[in-house]
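Participant: With the input below, show me the fold.
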Amino acid sequence: MSGTDTETAPALAWSVDNCTLGRAMAILGERWTVVVLREVFLGVRRFDDIRRHAGIPRQVLTDRLALLVDHGILRKAPYRSDGARTRHEYRLTDKGLELQPILLAISHWGDRHLADPGGPPTVFVHRECEEPVHVEVRCAAGHTLQPRDVATRPGPGVRPFAG
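Facilitator: Residues are numbered from 1 along each chain as shown. Below is the predicted model:
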């Protein structure tokens, strides 16, 4: 596709009613949801700690945690401090851990385009060797791809656009 007005995108023939990107963003697309995930990935797992560290209003945090638990991204794990009632901390499920490359990619984009002049506030390293971690896009044949190297094709669940 060269971008001229006389060409149409092949994707216009496909319905977006069952778009999995849209479905994912319905869960993850709100700012506070990503902030909650950031906190849990950083090891901040208790309600009051998340609220205080991230500055999230109590009801918003309650709603976002419930959403992430309902979708199986986080799970509640009970804990109890001496003399206190049982409370819950929030831990990533396997489904939640699968979001790590996405959050790393977003963070790296922010580091490149939005960081303070002194640099990004955090860096991500391999626990074993302390070398920086980066996200790559690769095809099944092992080629490292750049954004313009990726094309979209109809998948097995494609539906024709009826619009």
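Participant: So which other helices or strands are in contact with the helix or strand bottoming out on mean pLDDT in the chain?
Facilitator: Counting by mean pLDDT, DSSP states H and E, the weakest-scoring helix or strand in the chain turns out to be helix 20-28, with a mean of 93. Contacts defined by 3 or more CB pairs under 8 Å, 6 or more residues apart in numbering; DSSP states H and E place helix 20-28 against helix 31-41. (Glycine included, C-beta is placed from N, CA and C.)
Participant: Let me see the mean pLDDT of the helix it packs on.
Facilitator: Averaging pLDDT along helix 31-41 gives 97.
Participant: Going by neighbour count, which residues in the least confident helix or strand of the chain are buried?
Facilitator: Neighbour-count burial for helix 20-28, counted by 16 or more other CB atoms under 10 Å, picks out Leu28.
Participant: Could you tell me the angle between it and helix 31-41?
Facilitator: Orientation check (axes from the mean of the first three to the mean of the last three CA atoms, to 10 degrees): helix 20-28 against helix 31-41 gives 80 degrees.
Participant: List of residues touching helix 20-28?
Facilitator: Val16, Thr33, Val34, Leu37, Leu67, Leu68, His71, Ile73, Leu99 (CB atoms under 8 Å, 6 or more residues apart in numbering).
Participant: cutoff 10 Å now
Facilitator: The contact list for helix 20-28, computed with CB atoms under 10 Å, 6 or more residues apart in numbering, reads 16, 19, 29, 33-34, 37, 67-68, 70-71, 73, 99, 102-103, 155, 157.
Participant: ditto for stretch 120-129
Facilitator: 38, 41-42, 100, 103-104, 107-108, 110-112, 114-115, 130-135.
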